[in-house]
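Asks: can't give you the sequence, but here's the structure:
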């Protein structure tokens, strides 16, 4: 013979208790995640600050390299001009 079915009130009460337990588990997990994030925040902020400083430094180094490249280009152009003048003079004399 089949077992008698539980009354609807009892089944609803069991379901409600299970939902309350799951809600408590979710709440605990959220609190733990919040604490973890709160503990990580200073470290993450420091890492972001270090990355920003490194980016500023790299931009400064790049600007200096671009200035050096421009100076080298200018001196090379001047040297090429002088060589052309010497060659032109040699051709004119020869």
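Replies: On my side now, so go ahead. Predicted model only: the values in this text are computed from it and were never measured. Residues are numbered from 1 along each chain as shown.

Asks: Would you mind measuring from residue 21 to residue 12?
Replies: From residue 21 across to residue 12, the span is 15 Å (CB to CB, to the nearest Å). Quick note: C-beta positions are derived from backbone N, CA and C, even for glycine.

Asks: wait, residue 92
Replies: On the measure of CB to CB, residue 92 and residue 12 end up 111 Å apart.

Asks: Tell me which of those two has more neighbours.
Replies: Relative neighbour count places residue 12 above the other of residue 92 and residue 12, with 11 against 7, counting by other CB atoms under 10 Å.

Asks: which element is the more buried one on?
Replies: Under the criterion of DSSP states H and E, residue 12 resides in helix 8-93.

Asks: What mean pLDDT does that helix get?
Replies: Throughout helix 8-93, pLDDT has a mean value of 94.

Asks: starting at the chain centroid, how far to it?
Replies: What separates the centre of helix 8-93 from the centre of its chain is 4 Å, taken as CA atoms, centre = their mean, to the nearest Å.

Asks: what packs against that helix?
Replies: On a contact count with 3 or more CB pairs under 8 Å, 6 or more residues apart in numbering; DSSP states H and E, helix 8-93 meets no helix or strand.

Asks: Need the pLDDT of residue 1.
Replies: For residue 1, the predicted pLDDT is 50.

Asks: Now do the same contact list for residue 84.
Replies: Counting by CB atoms under 8 Å, 6 or more residues apart in numbering, residue 84 touches no other residue.

Asks: separation between it and residue 77?
Replies: For residue 84, the distance to residue 77 equals 11 Å [CB to CB].

Asks: can you check residue 68 too?
Replies: 15 Å.

Asks: next one: residue 63
Replies: 21 Å.

Asks: again with residue 86
Replies: Taking CB to CB as the measure, residue 86 falls 15 Å from residue 77.
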